[in-house]
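Undergrad: quick one, fold the following:
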Amino acid sequence: MVPPALGVEQRAELKAVVQGLPSQAGIDPSNWNWKAVRQFVRDRFGLTLSRSPPQADLNYLHRLGFVLKRPRQRLVMADPARREAFVAKYAALTAAARRTGGKIFFADETHFRADADLRGKWVVKGEPALVDSTSPRRGVKAGYSSAVCLETDEVELMELEGNSNSAAATAFLRSASGGRARHTQPLTVIWNNSPAHRGDALRAYLTTPGLNLRLVNLPSYSPDFNSPILTNRAIWGWARQEVTANWAWAPRLRSKKTWAAFSPI
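TA: Modelled structure (predicted):
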């Protein structure tokens, strides 16, 4: 049996350094991958690890208690104080909604572009994986606004006519409120602070008598707080995986920015 290439103290040093960033050890990559580990071991200990057992660098990381995980974003641009204030505000909003029978919707937009949405594809070994592309402009897309109520599981949806802007956001709010036919109670809509969620058209709509609608902005750089919409995006993710994956669409333009219909080649 071949003994480990690194001694006990060397393995302890490797474990300590991998818990930080490669740059702190003078390594260029932003994360620890097999190349970075191999470079560190070569530079620090004068040894070269093999990619195959029994001296594989990945095996060393497993032995040292490391596992490979898909990381979540650490939102370094977000303001902790504003995030904390939003949490308190949301707690107050939900308490008020329970008292008054109001509803809280989280809202956002999504887009499907005309070019093929490249996903995994089974092909014969040695053959290239290819799908057709119409090479459309990036602006050729179908857009949708959606909103989710966490308490009632209600979903509101509207196809966008053109780009996301103040007029489109206003049209969606009109559609979501259904002229107050579907939602007669007070409504609160929580969304991000994009330019589409403010403007003259929206400000004019908010002056409508008896509207009983409140808009709340998420704190900047905090997409994780829009959790119901993230759940709703699972639907869009399913559509991209099961409907639009590896498929070229022939766009029939209704305007410069939207499709009249999804028309497969």
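Undergrad: longest strand in this protein, please.
TA: Scanning the chain for the strand with the most residues, using DSSP state E, yields strand 103-113.
Undergrad: pull up the pairing partners for that one, direction included.
TA: Within its sheet, strand 103-113 is paired with strand 141-149 (antiparallel), strand 187-191 (parallel), according to DSSP bridges.
Undergrad: would you format those strands as CSV with mean pLDDT and mean neighbour count included?
TA: Yep, even glycine has a C-beta here, placed from its N, CA and C like the rest. Below are these laid out as CSV (pLDDT from 0 to 100; neighbours: other CB atoms under 10 Å):
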stretch, mean pLDDT, mean neighbour count
strand 141-149, 87, 21
strand 187-191, 94, 22
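Undergrad: got those as CSV, with distance to G65 columns?
TA: Converted to CSV, the strands paired with strand 103-113 look like this (distance: least, CB to CB, whole Å):
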stretch, distance to G65
strand 141-149, 39
strand 187-191, 40
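Undergrad: wait, which of those strands is closest to V17?
TA: Closest of the strands paired with strand 103-113 to V17 is strand 187-191, at 42.3 Å (criterion: CB to CB).
Undergrad: chain center to that closest one: distance?
TA: Between the centre of strand 187-191 and the centre of its chain there are 20 Å (CA atoms, centre = their mean, to the nearest Å).
Undergrad: please apply the same query to stretch 222-241.
TA: With CA atoms, centre = their mean, you get 7 Å for stretch 222-241.
Undergrad: report the mean confidence score over it.
TA: Stretch 222-241 carries an average pLDDT of 79.
Undergrad: what do you get for stretch 38-47?
TA: Averaging pLDDT along stretch 38-47 yields 89.
Undergrad: and stretch 88-104, by the same measure?
TA: 95.
Undergrad: got a list of contacts for it?
TA: Outside stretch 88-104, the residues that touch it by CB atoms under 8 Å, 6 or more residues apart in numbering are 149-152, 154, 183, 185-190, 216.
Undergrad: list the buried residues of that stretch.
TA: Buried residues in stretch 88-104, defined by neighbour count with 16 or more other CB atoms under 10 Å: 90, 93, 97, 102-104.
Undergrad: okay, the angle between the longest helix anywhere in the chain and strand 103-113?
TA: Using DSSP state H, we find that the single longest helix of the chain is helix 80-100. Comparing the axes of helix 80-100 and strand 103-113 via axes from the mean of the first three to the mean of the last three CA atoms, to 10 degrees yields an angle of 120 degrees.
Undergrad: just give me how far the longest strand of the chain sits from the chain centre.
TA: 12 Å.
Undergrad: same question for stretch 82-95.
TA: From the chain centre to the centre of stretch 82-95 is a distance of 22 Å (CA atoms, centre = their mean).
Undergrad: where does the protein have low pLDDT?
TA: Where the chain drops to pLDDT under 70, the residues are 1-4, 51-58, 177-181, 231, 250-265.
Undergrad: the domain parsing of it - what is it?
TA: 8-63, 80-242 (automatic domain parsing).
Undergrad: can you list these in a markdown table and add distance to P71?
TA: A markdown table is the format used below for the domains of the chain (distance: least, CB to CB, whole Å):
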| stretch | distance to P71 |
| --- | --- |
| domain 8-63 | 8 |
| domain 80-242 | 13 |
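Undergrad: among these, which is nearest Q73?
TA: Counting by CB to CB, Q73 lies closest to domain 80-242 out of the domains of the chain; the figure is 7.8 Å.
Undergrad: contacts only, for the closest residue to L64 other than its chain neighbours.
TA: Counting by CB to CB, 6 or more residues apart in numbering, L64 lies nearest to K15, which is 4.3 Å off, once chain neighbours are set aside. By CB under 8 Å, 6+ apart, the contact set of K15 is 64-66.
Undergrad: just the buried residues from these, in ChimeraX please.
TA: In ChimeraX, this line selects whichever of those come out buried by 16+ other CB under 10 Å:
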select :66
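Undergrad: which residue ranges of the stretch 151-265 of the chain form strands?
TA: 155-159, 187-191, 213-217 (DSSP state E, counting those that start in this stretch).
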